[in-house]
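Trainee: No letters, just coordinates:
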């Protein structure tokens, strides 16, 4: 398949949402009784774009974009660390703020990267398999179903690796985060339908992964 500008556009939005979520996640917000990271407002969008990639272009392209997102996020983290290590100008007073916002600890990085890879690949796999089982019907069932699995794994892996053994860890955190992310994607179902139908019509494709290898490491397949 020839790479189209629409595929590049969706991939760029996916990666932008991912990196933005990682930056703003350091802020904790209060929604009534719920305490959540600010990333809750954008991170679910990466799953929506992941659904669109898999539904329209198939698991092979979704796999490539997931790894591209991982690489782009890694580049951002590495150079954010380099920027932190560089000596600040004597008159610059923002070093502490810079470290607070962009000074990721190794534990949080491992948790974030692990949750992302497990969750995104699970999301894409479930959606691709459900598309075959439902013969392309009931798009809502596979976008929501794949999100339930993907977001559940992502949230469980991230919170467990990031906070277990600390005073901040509470298993109920996983439930709150998972429910909030899933509800946001469910609410966005009409938007997902609109974008998917538009892309299928413009690209004249509707990919089914009958012969696809679901090995997440076959990047150049």
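Mentor: Thanks, I have it. Quick caveat: nothing in here was measured; it's all calculated off a predicted structure.

Trainee: Excluding chain neighbours, what is closest to the one residue sitting closest to the centre of the chain?
Mentor: Residue closest to the average C-alpha location in the chain (C-alpha atoms, centre = their mean): residue 46, at 4.3 Å. Using C-beta to C-beta, 6 or more residues apart in numbering and skipping residues adjacent in sequence, the residue nearest residue 46 is residue 17, 4.3 Å away. (C-beta placed from N, C-alpha, C; glycine too.)

Trainee: Tell me if I'm right that that neighbour and residue 52 touch.
Mentor: No. Between residue 17 and residue 52 there is no contact, the gap being 11.8 Å when judged by C-beta atoms under 8 Å.

Trainee: which residues are in contact with the lowest-mean-pLDDT helix or strand in the chain?
Mentor: Taking mean pLDDT, DSSP states H and E as the measure, strand 34-37 is the helix or strand of the chain with the lowest mean score, a mean of 78. Strand 34-37 is contacted from outside by 24, 25, 26, 27, 28, 29, 176, 177, 180, using C-beta atoms under 8 Å, 6 or more residues apart in numbering.

Trainee: still on that earlier bit, show me the contacts for the residue nearest to the centre of the chain.
Mentor: 14, 17, 18, 21, 69, 120.

Trainee: which stretches of this protein form strands?
Mentor: 28-31, 34-37 (DSSP state E).

Trainee: Low-confidence stretches in the protein?
Mentor: Applying pLDDT under 70 to the chain picks out residues 1-2, 168.

Trainee: which residues in it form helices?
Mentor: 5-24, 43-57, 59-85, 95-102, 106-133, 139-163, 171-187, 189-203 (DSSP state H).

Trainee: ok, back up a step: buried deepest among the strands of the chain, which one?
Mentor: strand 34-37 (a mean of 14; mean count of other C-beta atoms under 10 Å).

Trainee: if we can go back for a sec, would you list the buried entries among the contacts of strand 34-37?
Mentor: Buried subset of these (neighbour count, 16 or more other C-beta atoms under 10 Å): 24, 25, 176, 177, 180.

Trainee: how about TSV for those residues, with distance to residue 141 added?
Mentor: Listed next are the buried ones among the contacts of strand 34-37 as TSV, based on distance: C-beta to C-beta, whole Å:
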residue	distance to residue 141
24	31
25	29
176	24
177	23
180	21
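
Trainee: Would you point out the most distant pair within those?
Mentor: 24 and 176 (17.9 Å; C-beta to C-beta).

Trainee: follow-up on the earlier one: count of residues packed around the residue nearest to residue 46?
Mentor: Residues lying near residue 17 (other C-beta atoms under 10 Å) number 21.

Trainee: What of residue 6?
Mentor: Neighbours of residue 6 (other C-beta under 10 Å): 15.

Trainee: need the contact list for it.
Mentor: Contacts for residue 6 (C-beta under 8 Å, 6+ apart) come out as 199, 202, 203.

Trainee: What's the ChimeraX syntax to select whichever of those are buried?
Mentor: Applying 16+ other C-beta under 10 Å to those leaves a buried subset, and the ChimeraX line that selects it is:
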select :199
